[in-house]
Every structure is written in structure tokens, then in C-alpha cells.
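Trainee: Provide a 3D model corresponding to the input given below.
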Amino acid sequence: MPTCDGAWSLLHWNEQRATEEADAMGGQWKRGMAYGVLVAALAGGAAGCSDGSGTASDVASDVASRAASAAASVGGRVTDAASSAASRASSAVASATAAAEQKLNGVKDGVNAKDEVKLSAPTTDGGRTTTRITVDNTADATKSFAVQVNFTDGGGNLLDTVVVTVSDVAAGKSGTATARSNRTLSGEVKTEIGTALRY
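Mentor: Sure thing, here's the model as predicted:
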């Protein structure tokens, strides 16, 4: 069991480490909270000593209070980091969606061609998620295609979206292009065709 002086020193050290860990690890809350648990454990160790100005119970109570404060600080920082990350992701999706809509709105005399477009299984290239687009021009003249590719998570929630142009595909021929996410996407990522226009 640590001495009284040792308990206070170890408490202060762990308070500092808990704060640093929360700043460094952000959303990985388990490691940060582990320090809060360790600090809290010191309350039990302090129960058997006195700092000379109060009873052992007073010392334990003070340590427990400071331990709770440290744990709350860690939790607050992790919550703030998670909230900030979610806000940035939401903003990125909104920006990508607006850009995709603007590009699609610029297509003149486009007709629905989703049945003429296929996507490969998504892969990762340089940290970005990619998928290969294949279009089949069933028209009797050379056409171009504007294909909106949506990147979603396992639950179908939109993570990102891009519009890719496959230009000048000859009549009866196929054309290919690669859709690449605007940013790095984590976790399970799926791709789907949002809109496909032939023009």
C-alpha cells in the first residue's frame, strides 16, 4: 500500500496522465478511462493514512473527490472529441452531396441509365475507397455518362458521394472509370449507384 505522500504523488501523476491520454487518444476512450479507474483506486489506498491535518476518512474522501474530478475530465474531453468528429463527418457529407447535385444538375438532356451501370466491389487505394464503374452504351450513338456513386457504412448510412463522368462511349460499347471517395472512410464501406444519367 502506498504511503500518504506516495498516494498524493501518484494521484497527481495519474490526473496528469488521464488528461494527456484523453487529448492524445480522442475517441479511443478505453485507454483514457483506464487512468480514471486507476486514480479512483487510490481512494481505497488513502483510506488507511492521514495527511496530518485530518482523519484517514477525510484524506480518502478528498482523494475520491479528486479521482472523480479526473475521471469526469477524461470523459468530458472524449465526449467533446467524439462530438467534434461527428460534426466534421456530417459537414463533409453535406458538402459532397451539394457538389454531386450541382454536377448532376449541369447535365443536359440526360436520361436514366442505372440499368446500364455496374460497380465493382470497393477497394482501398492510398487511404481512399475506390470502385470501378463500367457503363454499357445501349444507344445507337456515342454517349457520355454521369454516374453518382454513394459510399455507405454497413447500416446504409451515407458516408460520402461523388459523381464521375465516363465520356464518349461508342454505340454498343462499354466504358470504364474509377470513383474515388473524397476522404478516408473507416469501418465497413459499401458502394451503390445513386444516379446514372446518359447524355
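
Trainee: Residues touching stretch 107-126, excluding its own?
Mentor: Contacts to stretch 107-126, defined as Cβ atoms under 8 Å, 6 or more residues apart in numbering, come from residues 104, 129-138, 145-147, 149, 151, 179-180, 189-193, 195-199. C-beta here means a position set from N, CA and C on the backbone, and glycine is covered the same way.

Trainee: Would you mark the buried spots in it?
Mentor: Neighbour-count burial for stretch 107-126 flags 107, 110, 113, 116-117, 119, 122 (criterion: 16 or more other Cβ atoms under 10 Å).

Trainee: Closest one of these to Asp160?
Mentor: Pro122 (11.2 Å; Cβ to Cβ).

Trainee: That closest one and Thr152, how far apart?
Mentor: 10 Å (Cβ to Cβ, to the nearest Å).

Trainee: Quickly list what's touching both of these two.
Mentor: With Cβ under 8 Å, 6+ apart, Pro122 and Thr152 have common neighbours 189-191.

Trainee: Torsion angles phi and psi at Lys98?
Mentor: No Lys there; residue 98 is Ala. phi -60, psi -40 (degrees, to the nearest 10).

Trainee: Tell me how far it lies from Thr161.
Mentor: Ala98 sits 10 Å away from Thr161, going by Cβ to Cβ.

Trainee: Of these two, which one has the most company?
Mentor: Thr161 (23 against 11; other Cβ atoms under 10 Å).

Trainee: Beta-bridge partners for that one, please?
Mentor: Asn150 (DSSP bridges).

Trainee: hang on, it packs against Ser95?
Mentor: No. Using Cβ atoms under 8 Å as the test, Thr161 is too far from Ser95 to be in contact (10.0 Å).

Trainee: Please pull out the lowest mean pLDDT helix or strand from this structure.
Mentor: helix 29-46 (a mean of 48; mean pLDDT, DSSP states H and E).

Trainee: May I ask which of the shared contacts of Pro122 and Thr152 has the most neighbours?
Mentor: Thr191 (21 neighbours).
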